[in-house]
Each structure stands twice: as C-alpha cells, then as structure tokens.
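**Student:** I'll drop the sequence and a predicted model, then ask my questions.
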Amino acid sequence: METINTEMMVQIVDKMGDIIIENEVYFCELDSVAGDGDFGMSVAKGFRQLKTDWEELAKDDIGAFLKDAGMVITEYCGGASGPIWGSAFRAAAKSARGKSEITVAEFADMLEAAVAGIQKRGNAQLGDKTLLDALIPTAVAWRDAAEQGLDAIAAMDAGAKAARDGAEKTKSMTANKGRASYVGERSLEHPDAGAMALGVIFTELHRFVAG
C-alpha cells in the first residue's frame, strides 16, 4: 500500500476508537499509579461521542474529516485529554487539508504537525514523560520510512515499534508535565499512560491495516 486515501483514514480512526474503548480500563489502570486514574475513561468518552456523531463528520477529504473528528474529541474527551488529543487531530487536519490521498511522507508530515500541535498546547518535550515520548519516535520512524521508500504498511510497523519502545523508556523518566509531575520520583519504574496507550493503538492499527 503506497498511499492512504480518505476511506482508509476514516477506517483507521474508526478502528482507533474501537481500540481506545476496548482498552478503557487498562488505560485507567496505567494512569492510576501517577495520575488520577481516569485517562482511559476520558479518552474513551470522546471517541464514544465521535462514533455517535459519525454520520455527521465531513468525509470529503482527509483534512476535513480529521478537523471534524478533532472538534468532537476536543469537546468531549475529559480532563487534559480533550485539548491535547484535539490539538493533535486539528494540527494533522491542517497538514492534510484538501487531500484525498496521502503518501508515507505526507503521513509523516501529519504526525509531525500533530507533535507540534501538542507542544504548542502543553510545552512538553521529548523526555518529559508524556505521550510525546511515544508520538515523536513514531513520527521519526515514519519520516525514516518515507526516506527509505517503504510503503505505508511497513511504515506503520516501524511507527508502532517506535511507539512501544518510546513508551517503555518512560519507565526510567521522572514526569515533568501533567498530573504525574506532582508525585516526582514516585513515577519512576512506571510508564506514562498516554505513551503506553499510543503503543497499543499504533500496534493494533498496524495489525488492522496489514490484515
């Protein structure tokens, strides 16, 4: 698969919602160590609403679809997840504006835009023990895949592995942002819930698309 079209992107986000909802309890358990324990519930709430509003989302092109999805996510995901995940979707939407098909390089552009959108919202950096510790390596993996001429499925595989590796590394970090930063060194040896969630999401999305 050399490119991802609007229909496939719609299926990917729909599947992402399924993965998040199915892992709601697990994501909450991950968050209970250093956070409020509601991360899974907060994100699942937004994606349940997204499914409720599914027929109303624009599907003219990838950018329009992601923009509408981002608006719902921003409004309905609870806590800090709404602004963070919503910012990622809206920034990705801007990158893909007017496009009905994107290449691996353009998907990398989209991921990099999502990273920038999150950083603009929360000022987090790589190593702060946030979901960016999984998302930034994923974006780098997609960029590397594009430069190597790999197809989208191979890029998704590389991106998922990078997300899992990045999430695993958060175990050795002390949180500098978010609720986990309040507990300081008590967050050591425990992974960041958001980073771990992305590892799960990107892994399952690769299996879905490859299958």
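**Tutor:** Received the coordinates, thanks. Numbers count the residues shown, from 1 in each chain.

**Student:** from here on, contacts and neighbour counts on C-alpha atoms
**Tutor:** Will do.

**Student:** On the C-terminal side of the helix or strand where residue 155 lies, identify the next helix or strand.
**Tutor:** Assigned by DSSP states H and E, residue 155 belongs to helix 152-169. Toward the C-terminus, helix 152-169 is succeeded by helix 193-210 as the next helix or strand (DSSP H and E).

**Student:** May I have stretch 43-62 exported as CSV, CA atoms only?
**Tutor:** Output in CSV follows, covering the C-alpha atoms of stretch 43-62 (Å, rounded to 0.1, in the frame of the first residue of the first chain):
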residue,chain,number,x,y,z
VAL,A,43,-10.3,9.4,26.1
ALA,A,44,-12.9,6.7,25.6
LYS,A,45,-15.6,9.3,26.4
GLY,A,46,-14.5,11.4,23.4
PHE,A,47,-14.2,8.5,21.0
ARG,A,48,-17.7,7.2,22.0
GLN,A,49,-19.1,10.6,21.2
LEU,A,50,-17.1,10.5,17.9
LYS,A,51,-18.9,7.3,17.0
THR,A,52,-22.2,8.8,18.0
ASP,A,53,-21.6,11.7,15.6
TRP,A,54,-20.0,9.6,12.9
GLU,A,55,-22.5,10.2,10.1
GLU,A,56,-22.2,14.0,10.7
LEU,A,57,-18.4,14.1,10.2
ALA,A,58,-17.2,15.5,6.9
LYS,A,59,-15.6,12.8,4.7
ASP,A,60,-14.9,14.9,1.6
ASP,A,61,-11.2,14.6,2.2
ILE,A,62,-8.7,13.6,4.9
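
**Student:** Distance from the chain centre to it, please.
**Tutor:** Centroid separation for stretch 43-62 versus its chain: 15 Å, with Cα atoms, centre = their mean, to the nearest Å.

**Student:** Stretch 106-117 now?
**Tutor:** 11 Å.

**Student:** mind listing the helices for this structure?
**Tutor:** 6-22, 24-31, 39-52, 62-76, 81-95, 104-122, 132-148, 152-169, 193-210 (DSSP state H).

**Student:** TSV for those, including mean pLDDT and mean neighbour count?
**Tutor:** Formatted as TSV, the helices of the chain follow (pLDDT from 0 to 100; neighbours: other Cα atoms under 10 Å):
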stretch	mean pLDDT	mean neighbour count
helix 6-22	98	18
helix 24-31	96	20
helix 39-52	98	22
helix 62-76	98	23
helix 81-95	97	24
helix 104-122	96	21
helix 132-148	98	23
helix 152-169	98	24
helix 193-210	97	21
